[in-house]
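J.: I'll drop the sequence and a predicted model, then ask my questions.
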Amino acid sequence: MTHLFPFCKRYWPACRPSYRSAVCLLALAIGVWPRGASVAEDVREPFAPSNKPLSAICPAGVQEQLDVVFASYGDRQLRMDFFTRGGQPPGAAARPAVVVVHGGGWRQGDRSRFRALAYALAARGYATAAIEYRLSGEAKYPAAVHDCNAAVRYLRANAKSLGIDPDRIAAVGGSAGGHLVGLMAAAPDVAEFQGEGGNAGVSSRIQAAVVMAGPMRLDAGPVADRSRKEPEAFANVWFGKTVDEAPADYRNASPINHFSQQTPPLLFQTGEFDAPTRNRESRQKLRALSVPVGLQVYRLGTHGCWNRQGWLPLMVDDMDRFLRQALRIRQLEPWELLSTDHFTASVDGDSLRLEVRSLPADRKLTLPRLSCPIGDVTVAGQALALKPGLDSWELTLPQSVSTPTNIEIQLRGSALLRQLPEVIQADGGAELPAHAATTYGTMLRYEPQPHKNTIGYWVNQDDYAEWLVYVDEPARFSVTVFQGCGKGQGGSQAELVAYPSDAQPPRPGNRGKATAAPETKAAPTVEKQRLPWEVVETGHFQNFQPVALGELQLVTGVNVIQVRAVKKAKNAVMDIRRIQLQTLAPAASGKSE
């Protein structure tokens with residue numbers, strides 16, 4: 001398999017198999033994986049996500065309109081690249097639109113840098129517009145804000161001809177682009193931010209925003225600190241003045257100062273090593289205003305991870321899920337997830353459809369593990385058994401079924417395929433579901449079937465399960481595990497272990513691979529918290545009952561929570577469906593913009 005793609009050749013041997021399988025599907029979804037690639041299984045090894053930049057290749061079925069003029073200032077024309085799925089049937093609902101805003105400190109970069117992101121969302125059924133805006137070397141603040149709002153007005157004014165829904169326009173931006181998107185969301189009615197780029201009188205209001213590591217406060221915090229310390233700081237060049245010379249401009253350009261109950265839903269995305277507490281104050285303010293707000297932290301991610309092979313597909317999954325809810329999207333047309341020699345897999349609403357063209361000699365099809373529970377699996381009107389493996393699912397078609405045929409897998413959640421562990425945001429409490437766990441060992445695995453939806457096959461005492469949890473501020477939680485154990489199988493000794501993550505960010509010299517620090521390098525002052533218990537017999541491994549384990553303290557940042565078997569009493573330890581974290585003490589208020 002390593003000969004199929006340069007990324008695999010370089011990084012495949014270092015990836016855990018569950019994430020290798022996800023790479024295959026995710027790369028296909030964003031158009032950077034060759035069609036016909038098969039999914040191979042290997043022995044388990046430590047994971048190392050690719051830190052290699054993306055190469056933007058237009059996915060099959062996505063149509064391009066390049067260099068579309070959307071605003072004019074005298075002789076200066078601003079352009080966007082517009083992408084949509086082709087073949088929209090007559091009478092189909094207009095597509096939601098997403099404005100994609102690149103980063104670069106308001107000083108550098110261009111719209112092509114976010115083309116891979118625009119392609120990926122277009123492949124999901126959105127109409128995407130990757131825009132340019134005037135950088136600080138050409139025009140000072142607030143010109144870039146004018147340009148972003150002009151792009152929204154252009155899309156809304158031309159919605160009918162572009163086939164988009166004028167009432168469902170969102171924006172996504174990274175770094176400085178994230179700041180601009182935040183300002184678009186927070187201040188659509190501020191006259192000085194509109195400019196004269198065209199389509200006057202058309203609203204520039206957006207209905208949802210995704211901010212990837214963009215600052216929401218410029219008049220205080222890191223941006224203001226750099227303004228004072230570094231004469232050539234990006235903000236100083238953009239404003240033409242320091243924060244002390246133009247405090248009103250810095251204050252007015254801070255989205256947090258414009259948040260209101262009319263602000264649309266916001267999703268913040270950031271890497272684990274990209275100051276996740278950035279915009280904590282903004283999230284607190286938005287929650288106080290009852291504005292829907294979310295935070296997604298990405299394991300081992302650094303600044304700009306959205307333009308890296310190991311992270312963009314995961315971030316697109318989360319964007320898609322957020323936008324569907326925020327924009328109240330009922331249905332987008334099916335989008336192709338994977339094409340192999342034997343079948344094509346497409347996501348169609350709450351179903352995964354496998355269009356089977358042919359079968360191998362053993363009539364078995366292998367699909368990478370999804371990070372979500374499933375419902376019924378059917379083929380040709382009859383139930384089909386799914387066999388979960390460590391990192392993949394196996395489907396064996398009966399002799400009575402001939403090809404071509406379709407297999408339908410009902411999804412009970414988003415069809416997430418991850419090459420990195422999920423980080424669960426736990427401020428205010430959280431549920432740690434079985435499907436979000438990473439399992440280590442030779443037998444322990446996630447079983448997605450509707451009567452199971454559990455971590456099972458715990459027959460090897462040394463196997464263990466792990467979740468990652470992020471909190472903005474330190475807090476204490478009560479811990480309850482929902483475990484099941486078969487008749488006569490109880491009595492195993494288990495423990496829940498929690499400690500701050502000791503992972504290290506990708507760094508020069510390791511060939512772009514992200515690694516976890518050896519346990520011996522963990523901070524010596526950090527002690528692992530342990531909550532032991534004796535596994536309770538519940539009469540059946542899928543008869544889950546709550547067991548209160550006690551309390552634990554989580555620190556700001558990413559925390560590791562593991563469940564381990566200390567001593568196996570009988571044939572198997574237990575099954576786990578979920579762990580519940582309930583906040584005992586609210587986090588103290590704080591500012592960290």
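T.: Arrived safely.
J.: are we agreed that Leu121 is in a helix?
T.: Yes - residue state for Leu121 (DSSP: H, G, I helix; E, B strand; the rest coil) corresponds to a helix.
J.: got the contact list for it?
T.: 98, 100, 128, 172, 316, 319-320 (CB atoms under 8 Å, 6 or more residues apart in numbering). In this view, the C-beta of every residue, glycine as well, is placed from N, C-alpha and C.
J.: at 7 Å instead, please
T.: Taking CB atoms under 7 Å, 6 or more residues apart in numbering as the criterion, Leu121 is in contact with 98, 128, 316, 319.
J.: can you tell me which one of the residues you listed sits lowest on pLDDT?
T.: For these, the minimum pLDDT belongs to Val316; the value there is 93.
J.: leaving out sequence neighbours, find the closest residue to that one.
T.: Ala120 (4.5 Å; CB to CB, 6 or more residues apart in numbering).
J.: phi and psi next, for Arg113.
T.: phi -70, psi -20 (degrees, to the nearest 10).
J.: so how far is the longest strand anywhere in the chain off the chain centroid?
T.: Scanning the chain for the strand with the most residues, using DSSP state E, yields strand 540-554. Here strand 540-554 is found 27 Å from its chain centre; the criterion is CA atoms, centre = their mean, to the nearest Å.
J.: do the same with stretch 543-557
T.: Centroid separation for stretch 543-557 versus its chain: 25 Å, with CA atoms, centre = their mean.
J.: let me see the mean pLDDT of that stretch.
T.: Mean per-residue pLDDT for stretch 543-557: 96.
J.: in that stretch, which residues are buried?
T.: Neighbour-count burial for stretch 543-557 flags 544, 547, 549, 552, 554, 556-557 (criterion: 16 or more other CB atoms under 10 Å).
J.: most widely separated two among these?
T.: Farthest-apart pair in those is Phe544 and Thr556; separation 31.4 Å (CB to CB).
J.: where does the chain have its least confident helix or strand?
T.: helix 6-11 (a mean of 31; mean pLDDT, DSSP states H and E).
J.: what's the first helix or strand after the helix or strand hosting Thr439?
T.: Using DSSP states H and E, Thr439 sits in strand 438-440. Remark: after strand 438-440, the chain's next helix or strand is strand 445-447, criterion DSSP H and E.
J.: tell me how far that following strand lies from the chain's centre.
T.: Its chain's C-alpha centre lies 21 Å from the corresponding centre of strand 445-447 when counted by CA atoms, centre = their mean.
J.: and it, what does it pack onto?
T.: Where contact means 3 or more CB pairs under 7 Å, 6 or more residues apart in numbering; DSSP states H and E, strand 445-447 is packed against strand 386-388, strand 454-456.
J.: average model confidence for the last one?
T.: Put plainly, it is strand 454-456. 97.
J.: hmm, who's touching that strand?
T.: 434, 437, 439, 444-447, 465, 541-542, 575-577.
J.: which two of the residues you listed have the greatest separation?
T.: Thr439 and Gln542 (17.2 Å).
J.: okay, these two: which has more neighbours?
T.: Higher neighbour count among Thr439 and Gln542: Thr439, with 21 against 17, using other CB atoms under 10 Å.
J.: and that one, how close does it get to Asn460?
T.: To Asn460, Thr439 is 11 Å away according to CB to CB, to the nearest Å.
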